[in-house]
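1. turn this into a structure:
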Amino acid sequence: MKQAVMFGAGNIGRGFIGALLERSGWHVTFADVVEPLLDAINTQKRYTVHILDQVCDELEIRNINAVSSVGPDVVPAIAASDLVTTAVGPVVIPRIAKTIADGIRARMAAGNKAPLNIVCCENGIRVTSKLKECVMPLLNEEETAFVDECIGFVDCAVDRICPKPTYDNPLDAAVEEYTEWDVERSAWKGELLDIAGMTYTDNLMACLERKLFTLNSGHAICAYLGSLRGHKTILESIQDPAVGDVVHAAMRESGEGLIKEFSFDPDAHHAYVERIFKRFHNPHLLDEVDRVGREPIRKLSPMDRLIKPLTTTASYGLPVDHLIFGAAAALYFNCPEDKQSVEMNEKIRAEGVAAALAAYSGLQQDNPLFGRILDVHRALGVARA
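-> Model (predicted):
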């Protein structure tokens, strides 16, 4: 049985990546710092993944154990594994670099030259490459040569919503039915593995941008417009025609930009947009608009989900009438528990909306999109009043 080490035993680790591996016949060793969670995994040796969607289902996960990610057992586990995956959050990735380096060193000392692939399954762009940048300075010349020969640092794109309902068994996890795990083929070492739910791609950036322009963009626009309309969840927001119709049209607009940018098959991409839009209507995913809308400054940045789809689509001379609503509504987002929301609102009060948009979006004030965003922002304010 193939062995995997899964850094992160949270909802995504247990419900998404760990579950896909175990269901494909792998033994999964979860590595985490939460001792009660590790104890529960090692005591119960099983948990249930609840699929919450239009049709619900349950999957039992059994071939598992757990080790502390800061303890002595994780290094030999890496040394003997066939795959290392992570779901710890991009901020934590540098903190596991030393452990990964120690595992590689132990693997080399044991004479294990079987290919090992390391895949960071995080919500970010090329996070595995960032981990490699942290690991390689910790290795000497001989160990670096071993990595070049035997270790693959493989970037990927992941997409699956994992809600957080409460179950009697705290190990149980919930997921939607939809799953996407696209792995960069060119970085993979050794034979390609057959893992249910994982696909290999020759154009990872196209997969990453497709998710950014469609799921991430649509989700954010839904949250910001929903917040303006007084809705608390994405489901409430998307069911409001004043929100849902704009979100759907915006996703279609960004889709036309993607078709131009990456030569996507139009029919296939239009079908993808409809699948993503349908996910927002899942009655089990009671995602709060405040959670989805948090960190508006980051989401208004030039390469993120509101501005990049807008500027890319506009660069081809295509309509962006509905994409405009994303940035315009984001500038109204007000969540006192979110530091970026507080910072943005303070800047708007002190310097005005135009100054905030210029500071965060990277758009120049002579760019036609800049004025159009401000026009829609004003119109939304009138409608709200």
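2. and the helices in the stretch 51-200 of the chain?
-> Counting by DSSP state H, counting those that start in this stretch, the stretch 51-200 of the chain has helices at residues 74-80, 97-109, 127-135, 141-150.
3. of all these, which one is nearest residue 6?
-> helix 74-80 (10.2 Å; CB to CB). Every residue, glycine included, has its C-beta placed from N, CA and C.
4. so which elements touch the closest one?
-> Contacts defined by 3 or more CB pairs under 8 Å, 6 or more residues apart in numbering; DSSP states H and E place helix 74-80 against strand 3-7, strand 27-32, strand 64-68, helix 97-109.
5. got the contact list for that helix?
-> Contact with helix 74-80 is made by 3, 5, 29, 31, 67-68, 84, 99-100, 102-104, 106-107, 109-110, 112, 116, as judged by CB atoms under 8 Å, 6 or more residues apart in numbering.
6. how about a cut-off of 7 Å?
-> Residues outside helix 74-80 that contact it (CB atoms under 7 Å, 6 or more residues apart in numbering): 3, 5, 29, 31, 67-68, 84, 99-100, 102-103, 106-107, 110, 112.
7. where does the protein have low pLDDT?
-> The chain contains residues with pLDDT under 70 at 383-385.
8. ok, which pair from the contacts of helix 74-80 is furthest apart?
-> 68 and 112 (22.1 Å).
9. ok, now which ones touch residue 277?
-> 218, 248, 251.
10. the nearest residue to residue 94 once chain neighbours are set aside: neighbouring residues, count only.
-> With sequence-adjacent residues excluded and distances taken as CB to CB, 6 or more residues apart in numbering, residue 94 is closest to residue 134, at 4.8 Å. Other residues lying near residue 134 total 16 when counted by other CB atoms under 10 Å.
11. check the gap between residue 134 and residue 335 for me.
-> Separation of residue 134 from residue 335 (CB to CB, to the nearest Å): 32 Å.
12. now residue 370
-> Counting by CB to CB, the gap from residue 370 to residue 335 is 25 Å.
13. the two: who's more crowded?
-> residue 335 (20 against 17).
14. just to check, the more buried one is in contact with residue 290?
-> Yes: contact criterion CB atoms under 7 Å: residue 335 and residue 290 qualify, at 4.8 Å.
15. still on that earlier bit, make CSV out of the helices and strands packed on helix 74-80 and add mean neighbour count and distance to residue 189.
-> Below are those laid out as CSV (neighbours: other CB atoms under 10 Å; distance: least, CB to CB, whole Å):
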stretch, mean neighbour count, distance to residue 189
strand 3-7, 25, 15
strand 27-32, 24, 20
strand 64-68, 19, 24
helix 97-109, 20, 12
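16. in TSV: those, plus distance to residue 178.
-> Compiled in TSV, those are given as follows (distance: least, CB to CB, whole Å):
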stretch	distance to residue 178
strand 3-7	21
strand 27-32	21
strand 64-68	24
helix 97-109	30
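17. indicate which one of these is closest to residue 48.
-> For those, proximity to residue 48 was assessed by CB to CB; strand 64-68 is nearest, at 12.2 Å.
18. ok, residues contacting that closest one?
-> For strand 64-68, using CB under 7 Å, 6+ apart, the contacting residues are 9, 22, 28-33, 38, 41-42, 45, 73-74, 77.
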